[in-house]
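Asks: After the sequence you'll find the predicted model.
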Amino acid sequence: MLKGTWLKVCCGVLLCSRAFALNMDSIPVWNPDYLVHGNDLRVSGEQSGRQELSESSGLSTHGYKTMQVTVGDGGTQVDQELRLSIQGFVGDSIYIDALLSDVDRRAGDQTTATLQEVDQIYFRAESKHWMVHLGDLIWQDRNMGLFGLERSSLGAMVGLRGGYTGVRGVAGTDETRRITRVMNGVSGQREGYSISDDGTYLSVVPGSERVFLNGNLLTAGVDYEVNYAGGLLDFKGRRNPGPDDEIRIEYDAYNDGDIYNMYAAHGAYRHPNLYLDVSGFRLENDRHRMKRGLWTDDDYRMLKNDDGSEFVRDDSLGTLRRPERTDRAGARLRFQGDRRFYADLEMAISRRDSNTLSRQVDGPEGYGYRWYVTSDSSENMKKFPLAFSVYGNYIQEEFGITDFQGTDKDWDSFRLMDEWNLDSAALADGDLRHDEFGMRLRLASGWFVHSTWGYRQGEKEKWNSSRGGVSLVHKSNFAKSDVGAYRVESFQEQERVRYQLLGNSEFLKGLLRPFGNFDLRYTESDSLGTENQVAYGKTGAGLLMVGDSWGRGFLECKRRCRDENGKAEGR
């Protein structure tokens, strides 16, 4: 096994860090996200800038060893766990993070959501200009809008950074599979959602999950927790999904049947006015390991056959998989001037091979393009009260936009149905096209009017949808709110016209933060001469208690009382 080999090699060194590669600067304060995602113009937490190392000297070592013996009618069982970690600085600027975790017990016996139920061993050394990571790792590349890659693996990762430039690369091999589960919420249920795609027990790779609620990425530990031992999802805070809410979770699960090699690289240039990203990866079956001890010469000849037939053996191995390969690469250019003019252009290519044993078999190959240009990407629009924006993308069918999704998520299934009256399952055939125009008008300080009009269409106009609307937005340091009216007209097996009124309001500061929203819709549909009218309404309100604010409020009150007492004593 791979784990045993690495355990022998790295046992004395111990490993790793936060499981992702060099954290490069991404979109700066002029990130124009409002037209694409409907968010405020601000930097997300994972893209807030370079992560500097705090320089303090010394290494700290922590560890424990536990052993449990259970004696019963079924025999004797011995469970043990070993966990050792080293963290700290060597010299003035080299940070060491190492871990050795050896767990010898069944993951299903545990219920703690944060329990790491798998053996892990990794070593990471990092400075301001370079990084080396060996052993267990999770490669994350979220710099591209059209595609991205997150995968747990076992290998080596290196990175270099200097001036405006940074590069990083990884080579690894693993026995995991990426699973995506989409489901709806249940009324009154906040905990215990099974994330297994087939209802069976699984072991989730710790930290590999990404959870979306209605297309919005949630924060681990704040909005949700995942029980890695078996695969259960619990929601926290104000997150309480209902039947109309879509839950999407992507994660890696350990599986001895999937044997893959991964090679990936990313390069970035970060000038204050110019951003450039180049990313790519190759993900392929490790056919040499798959062949070892499993394939006979007859098996090999059959698997090379390119007629697409399934090869089934009579022994316990059953169906043998033909090795496959996926290559994907892209480049993204972002420019800003005067801290308000902004352009974002991207191109990507995807190529697949469904049988790497045969030179005659090639899979689909397709391209994807996206663009975004705006005259003012700043939030407050202080220099000029009017701004225009253009956004669009063109995706070829062979590109596979739903695989290896990037940060854009413009063709997310929930957004298509909720905003455009389109069923994503019926968009599989043909190329995809989306164009959208936007305008923002500043009425006064903190008051804005947003208007958008967009059009989506399939190849040869097999389906289409247009969406237009206007909204009034108010935002201050303490609260934000918006109300908007929209009209959606779509054709996909039937003609639909929707009139929609949306509103949202929430407080941004304080220990207790009230929030509320409403969604009112009236839809007319015509299918084969049969007309239907449907009215729909949903409202929600609540009160969010933020624990950090409690602590800050207590300290501020304590400090204020102390100051007042001091002034009184002085008088």
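Replies: That came through fine.
Asks: Bridge partners for the one residue sitting closest to the centre of the chain, pull those for me.
Replies: The residue lying closest to the centre of the chain (CA atoms, centre = their mean) is Arg210, at 4.9 Å. Judged by DSSP bridges, the bridge partners of Arg210 are Glu250.
Asks: measure it to Ala125 for me?
Replies: Applying CB to CB, to the nearest Å, the value for Arg210 to Ala125 is 27 Å. Glycine gets a C-beta too; all of them are placed from N, C-alpha and C.
Asks: How about Pro514?
Replies: In terms of CB to CB, Pro514 sits 48 Å off from Ala125.
Asks: So between those two, which is more surrounded?
Replies: Shown here are Pro514 and Ala125; by other CB atoms under 10 Å, Ala125 has more neighbours (17 against 13).
Asks: now the residue lying closest to Ala541 once chain neighbours are set aside, which residues is it bridged with?
Replies: Spatial nearest neighbour of Ala541, excluding adjacent residues (CB to CB, 6 or more residues apart in numbering): Gly516 at 3.9 Å. Under the criterion DSSP bridges, Gly516 forms beta bridges with Ser505, Ala541.
Asks: List the buried residues in the helix or strand harbouring Ser350.
Replies: Taking DSSP states H and E as the definition, Ser350 sits inside strand 341-353. By 16 or more other CB atoms under 10 Å, the buried positions in strand 341-353 come out as 341-344, 346, 348-353.
Asks: tell me which of the residues you listed is nearest to Arg328?
Replies: Comparing the buried residues of strand 341-353 against Arg328 with CB to CB places Ser350 closest, at 4.8 Å.
Asks: what's near enough to touch the closest one?
Replies: 147, 326-328, 364-368, 398-400, 403 (CB atoms under 8 Å, 6 or more residues apart in numbering).
Asks: Quick check: beta-bridge partners of it?
Replies: Arg328, Gly366.
Asks: ranges for the helices of this protein?
Replies: For the chain, the helices defined by DSSP state H cover 2-10, 34-37, 287-291, 297-304, 413-420, 547-570.
Asks: Could the C-alpha coordinates of the third one be exported in CSV?
Replies: It refers to helix 287-291. Coordinates of each C-alpha in helix 287-291 appear next as CSV, following Å, rounded to 0.1, in the frame of the first residue of the first chain:
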residue,chain,number,x,y,z
ARG,A,287,-2.7,1.7,-15.6
HIS,A,288,0.6,0.1,-14.5
ARG,A,289,-0.7,-0.4,-11.0
MET,A,290,-4.1,-1.5,-12.3
LYS,A,291,-2.3,-4.1,-14.4
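Asks: Could you pull out the buried residues of that helix?
Replies: 287, 290.
Asks: which residues are contacting that helix?
Replies: The list of residues contacting helix 287-291 from outside it, by CB under 8 Å, 6+ apart, reads 173, 259, 300, 321, 323, 356-357.
Asks: Can I get those residues in JSON lines including pLDDT?
Replies: Below are the contacts of helix 287-291 laid out as JSON lines (pLDDT from 0 to 100):
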{"residue": "Thr173", "pLDDT": "91"}
{"residue": "Ile259", "pLDDT": "85"}
{"residue": "Tyr300", "pLDDT": "79"}
{"residue": "Arg321", "pLDDT": "76"}
{"residue": "Pro323", "pLDDT": "86"}
{"residue": "Thr356", "pLDDT": "84"}
{"residue": "Leu357", "pLDDT": "82"}
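Asks: Separate out the buried members of the residues you listed.
Replies: 259, 323, 356-357.
Asks: Report the contact partners of Leu59.
Replies: Here Leu59 is in contact with 86-90, 96 (CB under 8 Å, 6+ apart).
Asks: give me that answer again for 10 Å
Replies: 86-90, 95-96, 98 (CB atoms under 10 Å, 6 or more residues apart in numbering).
Asks: Just the closest of the contacts of Ser350 to Glu506, please.
Replies: Distance ranking of those against Glu506, using CB to CB, places Phe147 first at 32.7 Å.
Asks: My read is that the closest one contacts Met347, right?
Replies: No. Under the criterion of CB atoms under 10 Å, Phe147 makes no contact with Met347, lying 11.1 Å away.
Asks: what touches both of those two?
Replies: Counting by CB under 10 Å, 6+ apart, the residues touching both Phe147 and Met347 are 329-330, 368.
Asks: need the residues you listed in a markdown table with neighbour count, distance to Glu246 and pLDDT, can you?
Replies: Conversion of these to a markdown table gives the following (neighbours: other CB atoms under 10 Å; distance: CB to CB, whole Å; pLDDT from 0 to 100):
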| residue | neighbour count | distance to Glu246 | pLDDT |
| --- | --- | --- | --- |
| Ala329 | 17 | 31 | 97 |
| Gly330 | 24 | 27 | 97 |
| Gly368 | 27 | 24 | 96 |
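Asks: Closest one of those to Ser413?
Replies: Gly368 (17.5 Å).
Asks: Residues in a beta bridge with Trp371, which ones?
Replies: Trp371 forms beta bridges with Leu345, Gly392, as assigned by DSSP bridges.
Asks: Can you get me a residue count around it?
Replies: Trp371: 15 neighbours (other CB under 10 Å).
Asks: Check the one 5 residues further on too.
Replies: Residue neighbour count, defined by other CB under 10 Å, stands at 25 for Asp376.
Asks: and stretch 448-468, how far from the chain's centre?
Replies: In terms of CA atoms, centre = their mean, to the nearest Å, the gap separating the centre of stretch 448-468 from the centre of its chain is 26 Å.
Asks: Do me a favour and get the end-to-end distance for that stretch?
Replies: Between the opening and closing residues of stretch 448-468 lies a distance of 17 Å (CA to CA, to the nearest Å).
Asks: Show me which residues of it are buried.
Replies: 448, 450, 452, 454-458, 463-465, 467-468.
Asks: Quick check: the closest residue to Gly337 other than its chain neighbours vs Ser377, distance?
Replies: Spatial nearest neighbour of Gly337, chain neighbours left out: Asn273 (6.3 Å); criterion: CB to CB, 6+ apart. For Asn273, the distance to Ser377 (CB to CB) stands at 13 Å.
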